[in-house]
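> what's the 3D shape of this:
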Amino acid sequence: MNDLARSGALRLDPRYVQRVLADAGLHARHNLSQNFLADVDVLERILAEATPQPGRGVLEIGPGLGFLTGGLLAGGAAVTAVELDRGLAAFVAGAYAGAIEAGQLRLVQGDALDQDLVNLVPPPYDVVANLPYHITSPILHRLLGRAPRAERLVLMVQREVAERIAAAPGAMSYLSVFVQYHARARVAFRVPREAFEPAPKVESAVLVLEPYATDDRLDAEAEDQLWRLVQAGFRERRKMLHNVLRRQLPIEPEQVDAALTAVGIAPDRRPQTVAVGEWIALSEALGPIPSAR
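I've put the predicted structure just below:
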């Protein structure tokens with residue numbers, strides 16, 4: 001398997017994936033949103049974005065059948081892979097027994113949401129993941145919300161989610177503000193449904209995140225206030241900002257208006273139009289937000 005996963009050597013298509021699953025007595029589990037990559041060109045493009053280096057630590061979330069794992073190992077990376085499915089974890093362990101014995105691969109069988117993700121791999125490290133839609137947001141909060149953060153994250157996610165995360169002001173969401181506060185974000189490329197077996201109902205995309213240095217962030221208290229403000233704003237994302245904040249924050253309406261004026265944000269702007277830097281400036285202008293009225 002390791003030799004097959006080297007660039008250009010792996011014959012990867014839906015029938016091959018079906019055969020591997022059948023031979024191993026496995027099947028795609030719908031309740032775990034399992035869709036296995038079945039396109040070698042997409043695999044190589046992911047590896048090109050991940051740029052595995054000899055000895056470099058990589059946290060892989062959801063290795064599945066281990067095709068991407070093999071490419072990372074072939075590049076010399078030291079991989080820690082977290083797999084929820086016991087059958088798949090056993091399959092990867094068997095396929096890469098040599099890498100495990102050599103200490104190049106560490107396999108963690110369990111739910112990624114239950115792991116201390118940022119402490120599984122000694123820094124500096126990178127992340128490569130194929131994230132089901134329903135865990136994308138909580139995984140991103142765990143990976144970006146505290147140190148030590150990865151230096152680069154290459155994530156396969158639902159296309160709409162990737163585009164929302166990397167959106168410019170005008171199409172922002174709470175998640176895009178959170179991610180873009182922590183990292184540069186770009187959609188590297190789209191992945192069609194046919195690149196997976198079984199084919200999902202939606203398109204996917206590869207999202208690349210490059211976290212900022214720790215000293216570029218606010219202190220813990222200021223960050224907490226920032227997220228309270230942003231969450232309040234996006235509770236009514238299509239309403240005018242001054243009306244939303246007056247209703248959602250336990251402060252006087254005059255204080256909201258004065259803060260918006262001070263930072264040059266028109267009161268009739270909608271939350272999705274506000275850039276990360278503007279949220280930070282507005283948070284600072286508002287001053288401490290009481291816990292309740």
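> isn't there a helix covering H242?
Yes: under DSSP: H, G, I helix; E, B strand; the rest coil, H242 falls within a helix.
> Check the closest residue to it other than its chain neighbours and give its pLDDT.
Leaving aside its sequence neighbours, H242 sits nearest to P267 (CB to CB, 6 or more residues apart in numbering; 3.6 Å). C-betas here are computed from N, CA, C, even on glycine. Per-residue confidence (pLDDT) for P267: 95.
> so what's P267 up against?
P267 sits next to M240, L241, H242, D257, L260 when contact means CB atoms under 8 Å, 6 or more residues apart in numbering.
> and these, which two are the farthest apart?
Spanning the widest gap among those are M240 and D257, at 11.8 Å by CB to CB.
> mind checking the SS state of the closest residue to L105 other than its chain neighbours?
Spatially, and ignoring its direct neighbours in sequence, L105 is nearest to A99 (3.9 Å; CB to CB, 6+ apart). Recorded secondary structure, A99: helix (three-state DSSP).
> Where does pLDDT dip in this structure?
1-10, 292-293 (pLDDT under 70).
> Now do the helices in it.
Remark: helices assigned in the chain by DSSP state H are 14-23, 40-50, 67-74, 86-95, 97-101, 133-144, 159-165, 174-182, 220-234, 241-248, 253-263, 276-286.
> a markdown table please, covering those and showing distance to L32.
Putting these into a markdown table (distance: least, CB to CB, whole Å) gives the following:
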| stretch | distance to L32 |
| --- | --- |
| helix 14-23 | 14 |
| helix 40-50 | 20 |
| helix 67-74 | 17 |
| helix 86-95 | 9 |
| helix 97-101 | 23 |
| helix 133-144 | 10 |
| helix 159-165 | 18 |
| helix 174-182 | 22 |
| helix 220-234 | 29 |
| helix 241-248 | 36 |
| helix 253-263 | 44 |
| helix 276-286 | 33 |
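> for these, which one ends up most surrounded?
Sort the helices of the chain by mean neighbour count, taking mean count of other CB atoms under 10 Å, and helix 67-74 sits at the top with a mean of 25.
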